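Enquirer: output the structure for:
(chains A and B)
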2 protein chains.
Amino acid sequence: MPGKTGKEKMIIIGELINSTRKAIKKAIDEGDVKYIQDLAVRQEEAGADYIDVNAGAYVHDEAKHLVWLVEKVQEVVSKPLALDSPDPKALEAALKVHEGTPMINSISLEKERYNALVPLVKEAGTPVVALCMSDEGMPETADDRLEVAKVLLGDLDKDGIDLTKVFLDPLIKPVSVDGEYGPQALDAIERIAALESGAHITSGLSNISFGLPHRALLNQAFIVLAMGRGMDSAIVDPLDKKKMSLVKAAEVILNLDPYAMNYLKAARADKLV
Amino acid sequence: MPGKTGKEKMIIIGELINSTRKAIKKAIDEGDVKYIQDLAVRQEEAGADYIDVNAGAYVHDEAKHLVWLVEKVQEVVSKPLALDSPDPKALEAALKVHEGTPMINSISLEKERYNALVPLVKEAGTPVVALCMSDEGMPETADDRLEVAKVLLGDLDKDGIDLTKVFLDPLIKPVSVDGEYGPQALDAIERIAALESGAHITSGLSNISFGLPHRALLNQAFIVLAMGRGMDSAIVDPLDKKKMSLVKAAEVILNLDPYAMNYLKAARADKLV
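Expert: Below you'll find the predicted structure:
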């Protein structure tokens, strides 16, 4: 397994085009192409490396709506999409219409999901988000997460998946439920990074702040702390200017942005707050 | 040496009343008590645990001006002051008028400074900032910092100083000068924390951003990253609401703020941004 240098900038997956959000569902229902495309363009301009598209709210015809999203979004952005579904049929249909190589979001160690999706990922050669979750449920401690991560990486490697295209998601739990969930998540990130498997570490991080006020603030602190421990990707709202600014600042301090080139470019474009 | 639990909130030293800043020098020159006192009160209200006072701009009569600052500031705040001077005469005079126990800012491993100040610190039993600097100058790498920190802690322990009152400052250098200064500083903090000497780790952290635009943003990212590695104090502008908010959010995520009590209190007081 090739070593990761740990010297790369954050890979941002823009999460906003998700049919479980009311405004998005409404836009899809009404065929409001402009609304969806505008959100896609704004996420790309804000620095998203992938634009996530999710049609999971359409239980009976997810494939059809996912395909529609892919087609409409690709009309206006050049960055690849993250096809956000656990359903092999929806993913297959979306893969057929996606130009270039998208990301698949997501597989897990749950047997049924793993077996259905891994052949698809392998054939398409896509980057893939891999949740640290097994049939035994969500992991509790850093130890649990590390254990699931190791098995998942081992299985994927055996099944011929290029680990440098894997984005492990340690699955973050709310600190409002248990104060130790924060340190446990950061610990898991550090120890998964230390495996030097070549895999990236990503996270749908807004879960950390569930149940507390000023959630954006907590998410901002968490993304910086997680970067400090080796997380190199995140599934986030890239339109949160403060969060994206802090990510760029943390990249400078962690020496992931040589000569602060990216930071200075953002400063000149008036993107930093 | 007693172990530190690592479970304490950040200790904030408010840096604004410093005569090397033009507006402060002017206020002292003009005897503008109101200006100084207002700044002291606002720092205390913003959450400073110590109010730093520095009269170093007055080369020939630093003691007189430091005493004046101590008297005026203590009229309006209840938090202790940090007497910011390397001059034993100025410190002695200020210690005489300070009610309660102040902090001394700062000693170092430089022989002359160490020998002049340590007896004073010991006698007064004050907390003390200890710079990781020797007669060989400022340390370059994390290794250098750790070496100086170890000698400094050993000497202070031998000389009867309670290490739980020591605030080691690893001395941060600008990332604009060398991109590795960020990772080296964070590494030094983690390794000094791992000594479990009982000493705190603090930092006048604004140096990190010297020479780059949007310095406050870089300082915000740095303080969060440094907290993640074990820094438990900082010498900062507590009136930077965003920075203080991020500190409180990071405390929640690092489980330094049980049940997020302090965070929720700040939210209710409308102090979070």
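Enquirer: alongside chain B, which residues does the stretch 51-200 of chain A contribute?
Expert: A:Val175, A:Ser176, A:Gly179, A:Glu180, A:Gly182, A:Pro183, A:Leu186 (C-beta under 8 Å from any C-beta of the partner chain). Every residue, glycine included, has its C-beta placed from N, CA and C.
Enquirer: same thing but at 6 Å, please
Expert: Proximity of the stretch 51-200 of chain A to chain B, by C-beta under 6 Å from any C-beta of the partner chain, involves residues A:Val175, A:Gly179, A:Glu180, A:Gly182, A:Pro183.
Enquirer: please list only the buried members of these.
Expert: Taking 16 or more other C-beta atoms under 10 Å in any protein chain shown as the criterion, what is buried in these is A:Val175, A:Gly179, A:Gly182, A:Pro183.
Enquirer: would you confirm that the second one belongs to a strand?
Expert: Same thing as A:Gly179. No - checked against DSSP: H, G, I helix; E, B strand; the rest coil, A:Gly179 lies outside a strand; its state is coil.
Enquirer: quick check on it: phi, psi?
Expert: Backbone torsions of A:Gly179, given as degrees, to the nearest 10, read phi -60, psi -20.
Enquirer: excluding chain neighbours, what is closest to it?
Expert: Nearest residue to A:Gly179 in three dimensions, chain neighbours excluded: B:Asn255, at 4.2 Å (C-beta to C-beta, 6 or more residues apart in numbering or on different chains).
Enquirer: same deal with the last one?
Expert: Nearest residue to A:Pro183 in three dimensions, chain neighbours excluded: B:Asn255, at 5.3 Å (C-beta to C-beta, 6+ apart).
Enquirer: okay, strands next: where are they in chain A?
Expert: Secondary structure of chain A (DSSP state E): strands located at A:11-18, A:50-54, A:81-84, A:103-108, A:128-131, A:166-169, A:200-201, A:233-236.
Enquirer: can you tell me how far the most centrally placed residue in chain A is from B:Asn255?
Expert: Closest to where the C-alpha atoms of chain A average out (C-alpha atoms, centre = their mean) is A:Ile235, at 3.6 Å. As judged by C-beta to C-beta, to the nearest Å, A:Ile235 and B:Asn255 stand 24 Å apart.
Enquirer: and what of A:Glu15?
Expert: Where B:Asn255 is concerned, A:Glu15 sits at a distance of 26 Å (C-beta to C-beta).
Enquirer: ok so, going back, make a markdown table out of the strands of chain A and add distance to A:Lys25 and mean pLDDT.
Expert: Output for those, formatted as a markdown table (distance: least, C-beta to C-beta, whole Å; pLDDT from 0 to 100):
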| stretch | distance to A:Lys25 | mean pLDDT |
| --- | --- | --- |
| strand A:11-18 | 9 | 98 |
| strand A:50-54 | 10 | 98 |
| strand A:81-84 | 14 | 98 |
| strand A:103-108 | 18 | 98 |
| strand A:128-131 | 22 | 98 |
| strand A:166-169 | 24 | 98 |
| strand A:200-201 | 30 | 98 |
| strand A:233-236 | 19 | 97 |
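Enquirer: adding distance to A:Asp143, write the ones you listed out as JSON lines.
Expert: Output for these, formatted as JSON lines (distance: least, C-beta to C-beta, whole Å):
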{"stretch": "strand A:11-18", "distance to A:Asp143": "27"}
{"stretch": "strand A:50-54", "distance to A:Asp143": "30"}
{"stretch": "strand A:81-84", "distance to A:Asp143": "29"}
{"stretch": "strand A:103-108", "distance to A:Asp143": "18"}
{"stretch": "strand A:128-131", "distance to A:Asp143": "17"}
{"stretch": "strand A:166-169", "distance to A:Asp143": "15"}
{"stretch": "strand A:200-201", "distance to A:Asp143": "17"}
{"stretch": "strand A:233-236", "distance to A:Asp143": "23"}
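Enquirer: nearest to B:Ile161, out of those strands?
Expert: Closest of the strands of chain A to B:Ile161 is strand A:200-201, at 41.9 Å (criterion: C-beta to C-beta).
Enquirer: just how off-centre is the closest one within its chain?
Expert: Taking C-alpha atoms, centre = their mean, to the nearest Å, one finds the center of strand A:200-201 at 9 Å from the center of the full chain.
Enquirer: next: stretch A:73-93.
Expert: 13 Å.
Enquirer: now stretch A:132-150
Expert: The chain centroid and the centroid of stretch A:132-150 are separated by 18 Å under C-alpha atoms, centre = their mean.
Enquirer: what segments of the stretch 1-150 of chain A are helices?
Expert: Using DSSP state H, counting those that start in this stretch, the helices of the stretch 1-150 of chain A run over residues A:22-29, A:33-45, A:62-74, A:88-97, A:111-124, A:142-158.
Enquirer: most packed of those helices?
Expert: helix A:62-74 (a mean of 21; mean count of other C-beta atoms under 10 Å in any protein chain shown).
Enquirer: average pLDDT across that helix?
Expert: On average, the pLDDT along helix A:62-74 is 98.
Enquirer: that helix packs against which elements?
Expert: Under the contact criterion of 3 or more C-beta pairs under 6 Å, 6 or more residues apart in numbering or on different chains; DSSP states H and E, helix A:62-74 touches helix A:33-45, strand A:50-54, helix A:88-97.
Enquirer: right, and the ones you listed - which one's nearest A:Leu163?
Expert: strand A:50-54 (18.2 Å).
Enquirer: elements contacting the closest one?
Expert: Secondary elements touching strand A:50-54 (3+ C-beta pairs under 6 Å, 6+ apart): strand A:11-18, helix A:62-74, strand A:81-84.
Enquirer: tell me the spacing between A:Ile107 and B:Glu92.
Expert: In this structure, A:Ile107 and B:Glu92 are 68 Å apart, going by C-beta to C-beta.
Enquirer: actually, A:Leu16.
Expert: Distance of A:Leu16 to B:Glu92, computed by C-beta to C-beta: 61 Å.
Enquirer: pLDDT below threshold where in chain A?
Expert: Chain A contains residues with pLDDT under 70 at A:1-7.
Enquirer: okay, now A:Arg21: neighbour count?
Expert: 14 (other C-beta atoms under 10 Å in any protein chain shown).
Enquirer: how near is it to A:Asn54?
Expert: Taking C-beta to C-beta, one finds A:Arg21 at 9 Å from A:Asn54.
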